[in-house]
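Enquirer: Got a sequence here, can you model it:
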Amino acid sequence: MPLYLVYCVDRPGAEDVRATARDEHMKYLHSREEIVLAGAKLSDDGETAGGSAFIVNVSDRAAAKAFSDGDPFSKAGLFDSVTITRVRKGLWHPERAEGA
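Expert: Numbers count the residues shown, from 1 in each chain. All right, here's what the predicted structure looks like:
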């Protein structure tokens, strides 16, 4: 199956939405088998979240959009924009992510 990058940018000033929906968002992510990689988009200080990035292994763009649309963050209106792009696995070094 193809891989898709789902790149989400938070609405400005929506920190309260992120905090309120976070527990449901995490439950959703842990229930999904198509996720290859998921994480918050952080500021340079590594503390402030401003979006989300996912690599998902799904059948097509519609399935990637359905994954994104089902995310409680999306349902709560957290994201200002969501970009879905098909990608190919080039290099893969999960061992380099240790401690990230």
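Enquirer: Can you give me the distance of residue 82 to residue 19?
Expert: Counting by C-beta to C-beta, to the nearest Å, the gap from residue 82 to residue 19 is 20 Å. All C-beta spots, glycine's among them, are computed from the backbone N, C-alpha and C.
Enquirer: So between those two, which is more surrounded?
Expert: residue 82 (18 against 10; other C-beta atoms under 10 Å).
Enquirer: Going along the chain, name the strands of the chain.
Expert: Here the chain has its strands, by DSSP state E, at 3-10, 35-42, 49-57, 79-87.
Enquirer: could you check the angle strand 49-57 makes with the top helix by length along the chain?
Expert: Taking DSSP state H as the criterion, the chain has its longest helix at helix 15-30. In terms of direction (axes from the mean of the first three to the mean of the last three C-alpha atoms, to 10 degrees), helix 15-30 departs from strand 49-57 by 20 degrees.
Enquirer: which parts of helix 15-30 are buried?
Expert: For helix 15-30, the neighbour count (16 or more other C-beta atoms under 10 Å) marks 17, 18, 21, 22, 25, 28, 29 as buried.
Enquirer: from memory the second one sits against residue 10, does it?
Expert: Yes. Judged on C-beta atoms under 8 Å, residue 18 makes contact with residue 10 at a distance of 6.5 Å.
Enquirer: list residues touching both of the two?
Expert: Jointly contacting residue 18 and residue 10 under the rule C-beta atoms under 8 Å, 6 or more residues apart in numbering are 49, 78.
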